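S.K.: Quick one, what's the 3D model for this:
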Amino acid sequence: MDSSSSQPEKKSIPRFASFKPRPAPPPEADRPPERRSRDSSDKEDRHRHHSKRHRSRHRHHRDRSRSRDRRRERKNIRHDHKEASHSERELIPEHRLVPRDTVKLEAEASDLYVVDRKGDRYNIIYGTIHRYNVPLYYRIGRGSVLGLPPTYKIDRDTAEGDALIIKADAWRSDGSRTRSKSIISGGSTQRTKLLRIRPAPTLDAAADASKDYLPLTASVHHKRSDVSGHEGSDDERYGYRSIHGKAKQEDNLPSDMEEVSDTDLSGDETARVDPDKEVKQRNVELSRNVERNPTDVRAWIDLVEHQESLLKGSEGETKTLTYAEKKSLADIKISLYEKALKKVGGHASRDLLLLGLLEEGAKLWDTKKLSARWQAVLKSNPHFISLWVKYLDFRQTEFLEFTYERCYATFIDCMRLNRSASDNPEKAHVQVYLFLRLTLFIREAGFTEHAVGLWQAILELTFFQSGTTDSVTAREEVLSAFMDFWDSEVVRIGEVGAKGWQSGLNTLLEPRSFTSQNRVNSKSVFASWMSCERERINNARLPARSLDEENDDPYRVVLSADLLEVLSLVWGLASTDVLVDSFLYFCHLPPIAFSSNSKTTNHWMGDSFLRNEFMSSSDSTLDRWVPKYDTDARNTASAPGYFQNFVHSFDTLFADHEAWFSSIGPWATSVLNSRSDVDPGWVSKVLRSLVELMPQNDHLAAYAIAVEFAGDRSKAAKYAKSLLKKRPSSLWLYNVYALIERRSGNLEAANRVWETTLSMSQNSKTFTEEEKVDAVLLWHTCIWEMLEAGSLDYVSYLFSSMPQSSPSLKAPVDSKQYIFNPTSLLKTQSLLSDNQEASLAAGKANTFVACTDCLAILTYLSNSRDLNKALQPYSNGFNRLATLPAKFESFRSISIELLHQARARLLYYHARTSSIYKPSQIRALLADSISLFPHNTIFLSLFAWNESRFRIEERVRDTIMDITTKAHNRADQIFTTQVPITSHLFSIFTELNRPVYAGSTPHSVRAAFEKAIGDKDPMTSTHHNTLSTARSNLTLWKLYILFELSQHDINRAKDVFYRGMRACPWSKELIMLAFSHLRADIVRELHPSASRKGDGMNFYELRSVYNVLIEKELRVHVDIEDELDELLAEMQQKTAALGLPIAMPEDADSEDEQMQL
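M.R.: Numbers count the residues shown, from 1 in each chain. Sure, this is the predicted structure:
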């Protein structure tokens, strides 16, 4: 504007040195047409406006002044360009051609900015970024960051110092984003408010007194009119234009209440009760305890564990800690642990404090620092085997530094340390546990032949060794001789014709040939490779011989050199019972609960590293694994069989799965298929060999028959007959054989076996007095079979026949014999009571429980099915067990749990067959059992079944919440997770089967999964604690993936898969789910596009997953590296021929793996 103009004078525009005039718009012919939508341009304008006020947090900063000038110039240019393009579109709407000259502006600006709409895809796959491909990141408003997917936001609530926390938003079912912050999180941080009744005016009180009714509350009209004169109406109070500002949540108080502070109190009001007083007082007491006795490790642990309660205050379990509060709590606990370690010195339980320190450190420190602390702790405390076991857990689950050879070496170091330790009762148990973990690790990494070979070798050396090996020279000679036996490649244990390595009667196996029926097809490389790989996996369940016609795979033949190092560390420990139970765990079978070491091995049933039998199942969906609850079905309560955690007795070994919980049934379902990593024929032959070597162990013989029975009933009957010929005085085997006959439909043959055996046990001299006590087991089995058949009168007759010297099981003709008379009733009760005491003296838990259960059933039937009276024998049994001396603690513990299971069986029978019963009574009794054995799945299943018949579902949810939240005493279970994996799986099971009206949604199921995983922020790089969660369980991750696929949410399924791969980098089967379930063509086939959220894995994603198999040194039978390279080169050539830019996939073997996850 000309300053000399005659127009009125106006104020001058401020001028700044950095301001530059807007350039003239280019001619219309030179203007490129607008390629982007108005919305996209608006977003870019907002981004540029926002980015001027924020600095990039990337480590490589550009010159800020130059960048600011360039951004201002670009903004002005783009603004004019947008207006001109908009005008052009209005004048010539049909114009769509793009001249080649129009790309010049983009080319010139390419060095000024980078458009990255997809972000770094390896940020999702591996949890880290590729440092050389990361552009400058800028904020673009509302917490978004340019260069990251739109689902990622800056979490302002958890930002600390200069660090920024970026989280993925939560997702709704329709795929749109929503706030990840809980809608109730704001209220959860509010402190307790002090309220008092608002004093009523005298006039209002007089007016109320003159009314002809008594008002329950103060007059709201008076209050509102009073307030309106000062604060406005109620509508205006919440209006957005109110002069008082936005209404606060705490302002919404009842009309007759007011909030006061401590200074406003007077008189008696000053006697305020602190809601946190009790928690604070407890903290003071614990602090005094450690001051009085600074070397008391238990006192320090109590003080540390109380800090969470102190932080939550009076709100207790109802308060959810924020991310910042959790980190602060971990920091406090770390400082207390460090203080405790200085005070206790070289205490014998110092390892508990060290484990606690590292457990809390895992929540705060990055991977590098955590690994360094582990190394420092082990270096200064090398004699604590508990630390080495937990370090083993850490190494096995650490994705960045994991390789098969490195983890294998850690196992060897841990076993070598335990072997060199001084002799103690736990040494052999720990060594066998480590050996079991090692063999499972080897098999899950794909080297099944090596794992099976190790078990063949240790079983041969332990059970077929003759002579003494006390001296070192003798041990070396025996090992040398065994190595020669192994290299001779004759038959070994579990193979046809095996007689033991020192028998000299073993023969050579016939050479086997294998011809693959599948070939890798370049047109569908991953689909065909998957078929080839699966075919070879199924063929490699047992070690091959060098003469077999398959020489292309060197891992198929296991040499003696592959076994020597491990065998020298495990062989020679006096732990045959524990070794047998460990072998059963290796075969996905439950342990035998009849040995003296059953308490030790029963604890392993909740170990996350051991309970992975579902990985070898052929199920590709959740349909059979989690059947829906059906209150009319008899097998409802025993449905969750894949995650058993109870004492396996004779009643469960041969149980009819429609009537009671079966120990072997789930194993048969998961193993008797071609995809299983366990050869059932080999397992059966090994058990038969062990039975032959232990002729006095009737429990193992009954167990072996049960395994045979699960696979082939006719073979089981023949095997039972052959054992009876060798052991004619075994009442256990007679009972097994009779039960097999009855299950096969031969009712008369079964009764004949029972009758003959009972008569022999009373009159024959071949049975000792101790063996005659076991006769009650036959009566107990026969009685329950008749109860399930509904023959109550016949059961009464059986009880009357018990005291007879030659009992008859034939149904009497006279109906009077079905009625109890006082004389026979008294005789039967006396007989059962005497057998109770005799079984206690002999240490026979199963016999004691059978006697008590028979007494309860006798009382139940003789009192017209009165449940209250039937419960009295169980109470008497509990009281009797409580009087046993302390040295029988192991026997007492297992007997009490078995007795609770027997009582639960009678409750289940009564609830199913009686028309009149009290559900509240059954609930109370089951709750009593759960309080003593919170992770027993029989009690949990029956409790859930009982509650599912009514519409009050929260009782089950509350019970599950308690058992999955309360951890065990860390001193009691060093080698197991604090909350058993079976309890987490049961929680997921109940949530899946909960009806919709009770609050079951896909989100509640995901919450159950996430609670089990213990990973609140899966996208962050924080290393989460693996010592007390189930993140290391393969079954859990597979179920989670299958659940997301059942919801047709492919994006979530892929996300869970990558998380699982990072948490369990040793599992080949888990990684193979990418090729069998998440492949793009399978997703298109099984999941309709209308309901599908996301697409399956493409070629580049699958190739990256395949690279993980190679880099982690997992077993790959069919190598397709050359085929993949050829396909990639061919794809790049086709792309170049079309004139398109070549998008090279990132090399997974780069430095991004060395960065923090």
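
S.K.: where does H221 land on pLDDT?
M.R.: Looking at H221, its pLDDT reads 46.

S.K.: Could you do S689 as well?
M.R.: 94.

S.K.: Am I right that it falls within a helix?
M.R.: Yes. Remark: S689 belongs to a helix, assigned using DSSP: H, G, I helix; E, B strand; the rest coil.

S.K.: mind checking how far it is from G999?
M.R.: For S689, the distance to G999 (Cβ to Cβ, to the nearest Å) stands at 52 Å. Every residue, glycine included, has its C-beta placed from N, CA and C.

S.K.: what do you get for C414?
M.R.: 45 Å.

S.K.: Can you pick out the residue with more neighbours from the two?
M.R.: Using other Cβ atoms under 10 Å, the more surrounded residue of C414 and G999 is C414, with 23 against 12.

S.K.: So which bits of the helix or strand containing the more buried one are buried?
M.R.: Assigned by DSSP states H and E, C414 belongs to helix 404-420. For helix 404-420, burial by neighbour count (16 or more other Cβ atoms under 10 Å) applies to Y404, C407, Y408, T410, F411, C414, M415, L417, N418, R419.

S.K.: How far does it sit from its chain's centre?
M.R.: 25 Å (Cα atoms, centre = their mean, to the nearest Å).

S.K.: What angle do helix 404-420 and whichever helix or strand comes after that helix make with each other?
M.R.: Downstream of helix 404-420, the next assigned helix or strand under DSSP H and E is helix 425-444. Put simply, helix 425-444 runs at 160 degrees to helix 404-420, going by axes from the mean of the first three to the mean of the last three Cα atoms, to 10 degrees.

S.K.: Which elements pack onto helix 425-444?
M.R.: helix 385-397, helix 404-420, helix 448-463, helix 561-570, helix 576-586 (3 or more Cβ pairs under 8 Å, 6 or more residues apart in numbering; DSSP states H and E).

S.K.: Make TSV out of those and add distance to N1107.
M.R.: Formatted as TSV, those follow (distance: least, Cβ to Cβ, whole Å):
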stretch	distance to N1107
helix 385-397	20
helix 404-420	15
helix 448-463	23
helix 561-570	27
helix 576-586	30
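
S.K.: of these, which approaches M1072 most closely?
M.R.: Of all the helices and strands packed on helix 425-444, the one in closest proximity to M1072, counting by Cβ to Cβ, is helix 448-463 (13.8 Å).

S.K.: just checking, what packs against the closest one?
M.R.: Here helix 448-463 touches helix 425-444, helix 472-487, helix 561-570, helix 576-586, helix 680-693, going by 3+ Cβ pairs under 8 Å, 6+ apart.

S.K.: Show the average pLDDT along that helix.
M.R.: On average, helix 448-463 scores 95.

S.K.: low-scoring stretches of the stretch 1001-1150 of the chain, by residue?
M.R.: Applying pLDDT under 70 to the stretch 1001-1150 of the chain flags residues 1015-1028, 1139-1150.

S.K.: before we move on, the earlier item: for L542, which of the helices and strands packed on helix 425-444 is the nearest?
M.R.: The closest of those to L542 is helix 448-463. By Cβ to Cβ, the value is 5.8 Å.

S.K.: what's the spacing between the closest one and its chain's center?
M.R.: On Cα atoms, centre = their mean, the centre of helix 448-463 falls 29 Å from that of its chain.

S.K.: Ok, stretch 985-995 next?
M.R.: Relative to its parent chain, stretch 985-995 has a centroid offset of 13 Å by Cα atoms, centre = their mean.

S.K.: Also stretch 645-655?
M.R.: 24 Å.

S.K.: can you offset everything so residue one is 18?
M.R.: In the new count, where the first residue is 18, that last one comes out as stretch 662-672.

S.K.: Could you export it as PDB, keeping only the C-alpha atoms?
M.R.: Written as PDB, here are the backbone C-alpha positions of stretch 662-672 (Å, rounded to 0.1, in the frame of the first residue of the first chain):
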ATOM      1  CA  ASN A 662      -4.000 -79.800  38.200                       C
ATOM      2  CA  PHE A 663      -5.100 -82.300  40.800                       C
ATOM      3  CA  VAL A 664      -3.900 -85.500  42.500                       C
ATOM      4  CA  HIS A 665      -4.200 -88.300  40.000                       C
ATOM      5  CA  SER A 666      -5.500 -91.400  41.800                       C
ATOM      6  CA  PHE A 667      -7.000 -94.700  40.700                       C
ATOM      7  CA  ASP A 668     -10.400 -93.100  40.500                       C
ATOM      8  CA  THR A 669      -9.100 -90.700  37.800                       C
ATOM      9  CA  LEU A 670      -6.800 -93.000  35.900                       C
ATOM     10  CA  PHE A 671      -9.700 -95.200  34.700                       C
ATOM     11  CA  ALA A 672     -12.600 -92.700  35.100                       C
END
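
S.K.: start to end distance for stretch 528-538?
M.R.: Taking Cα to Cα, to the nearest Å, stretch 528-538 runs 30 Å from one end to the other.

S.K.: buried set for it?
M.R.: For stretch 528-538, by 16+ other Cβ under 10 Å, it's V537.

S.K.: got a list of contacts for that stretch?
M.R.: 544-546, 548-549, 552-553, 556, 561-562, 564-567, 1135, 1137, 1140 (Cβ atoms under 8 Å, 6 or more residues apart in numbering).

S.K.: Give me the buried entries from those.
M.R.: Buried among these by 16+ other Cβ under 10 Å: 544-546, 548-549, 552-553, 556, 561-562, 565, 567, 1135, 1137, 1140.

S.K.: and L1155, what does it touch?
M.R.: Counting by Cβ under 8 Å, 6+ apart, L1155 has no contacts.

S.K.: Restricted to helices, list the contacts of stretch 528-538.
M.R.: The helices, defined by DSSP state H, take in A544, S545, W546, S548, C549, E552, R553, N556, E1140 from the contacts of stretch 528-538.

S.K.: of all those, which two lie farthest apart?
M.R.: Taking Cβ to Cβ, no two of the ones in helices among the contacts of stretch 528-538 sit farther apart than N556 and E1140, at 21.4 Å.

S.K.: returning to what we had before: what angle do the helix holding C431 and helix 465-480 make?
M.R.: 10 degrees.

S.K.: just checking, what packs against helix 421-437?
M.R.: Under the contact criterion of 3+ Cβ pairs under 8 Å, 6+ apart, helix 421-437 touches helix 402-414, helix 442-461, helix 578-587.

S.K.: send the alpha carbons of stretch 895-905 over as PDB?
M.R.: The C-alpha coordinates for stretch 895-905 follow below in PDB (Å, rounded to 0.1, in the frame of the first residue of the first chain):
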ATOM      1  CA  PHE A 895      -9.700 -84.800  58.300                       C
ATOM      2  CA  ASN A 896      -9.500 -84.800  62.100                       C
ATOM      3  CA  ARG A 897      -7.700 -88.100  62.100                       C
ATOM      4  CA  LEU A 898      -5.100 -86.900  59.600                       C
ATOM      5  CA  ALA A 899      -4.500 -83.800  61.600                       C
ATOM      6  CA  THR A 900      -3.300 -85.900  64.500                       C
ATOM      7  CA  LEU A 901      -0.400 -87.500  62.500                       C
ATOM      8  CA  PRO A 902       3.100 -86.500  63.600                       C
ATOM      9  CA  ALA A 903       5.000 -83.800  61.700                       C
ATOM     10  CA  LYS A 904       7.300 -86.400  60.000                       C
ATOM     11  CA  PHE A 905       4.200 -87.600  58.000                       C
END
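
S.K.: Go through it and flag the buried ones.
M.R.: Residues of stretch 895-905 classed as buried by neighbour count (16+ other Cβ under 10 Å): F895, R897, L898.

S.K.: how near is the second one to L843?
M.R.: Shown here: R897 relative to L843, a distance of 20 Å by Cβ to Cβ.

S.K.: neighbours around L451, how many?
M.R.: L451 has 25 nearby residues by other Cβ under 10 Å.

S.K.: got the contact list for the closest residue to it other than its chain neighbours?
M.R.: Ranked by Cβ to Cβ, 6 or more residues apart in numbering and with sequence neighbours excluded, the top spatial neighbour of L451 is M432, at 5.0 Å. M432 sits next to Q448, L451, F452, L455, V583, L586, V587 when contact means Cβ under 8 Å, 6+ apart.
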